[in-house]
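S.K.: The following comprises the amino acid sequence and a computationally predicted model.
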Amino acid sequence: MFGFFLLLSLLIAGSSDADPPKKLTLTQAVRAAEKFIILNGYTDLPPTQDKAKLAYESIEWEGDVRKMLERRRDTLERTAFGYAEYSRRGAGWTVVFRYKVPSVGKRQRIIQIRPDGSVGRAVTMDSFGRGMRVEHSDFLLKACTRLR
């Protein structure tokens, strides 16, 4: 019985040595969101090759991953436009990206962009960078604090 309590106390002491997660700074949140949109295929750069690591929006128009990535491809600028210190789900970060002007060519995309350029897309996460996702709804650019 003594051995059980000794083992239990060692396990409890060992688990308290782990550093608690740290809240992200603005710079860290922006970098994480910029990497996230690249890996998930929203920019002109190639997405992750590991399809299991892709994040899905709450509404996806395509069931086929290849078609989903084709639809996302090159729709957002690589660098964040702005931010807000909250997330749709509570405390956290919202990092906003402007739409790219769709290119006319072989692969025309069907995306709805307001002609005045007043909206973009938002990546939301909690304060620690967890639960990151691209929100399905457009985000008004005037509702965020502009970066740079």
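M.R.: Cool, the structure landed.
S.K.: secondary structure class for Lys142?
M.R.: Classification of Lys142 into helix, strand or coil gives helix, according to DSSP: H, G, I helix; E, B strand; the rest coil.
S.K.: That one reaches Ser118, doesn't it?
M.R.: Yes: in terms of Cβ atoms under 8 Å, Lys142 counts as a neighbour of Ser118; the distance is 6.9 Å. Glycine gets a C-beta too; all of them are placed from N, C-alpha and C.
S.K.: higher neighbour count, these two?
M.R.: The neighbour comparison of Lys142 against Ser118 (other Cβ atoms under 10 Å) goes to Ser118, with 14 against 9.
S.K.: Identify the residues contacting the closest residue to that one other than its chain neighbours.
M.R.: Counting by Cβ to Cβ, 6 or more residues apart in numbering, the nearest residue to Ser118 once its immediate chain neighbours are dropped is Leu141, at 5.8 Å. Listed by Cβ atoms under 8 Å, 6 or more residues apart in numbering, the contact partners of Leu141 are Phe81, Gly82, Val96, Arg98, Gly117, Ser118, Val119, Gly120.
S.K.: any idea which helix or strand carries the last one?
M.R.: It stands for Gly120. According to DSSP states H and E, Gly120 maps onto strand 119-126.
S.K.: Find the residue ranges of the chain scoring beneath the pLDDT cut-off.
M.R.: 1-18, 62, 102-115 (pLDDT under 70).
S.K.: can you count the residues close to Glu85?
M.R.: 13.
S.K.: So what touches the strand holding Gly120?
M.R.: Judged by Cβ under 8 Å, 6+ apart, the contacts made with strand 119-126 from elsewhere in the structure are 24, 29, 32-33, 36-37, 42, 75-76, 81, 87-99, 113, 131-135, 138-141.
S.K.: I'm done for today, thanks for sticking with me.
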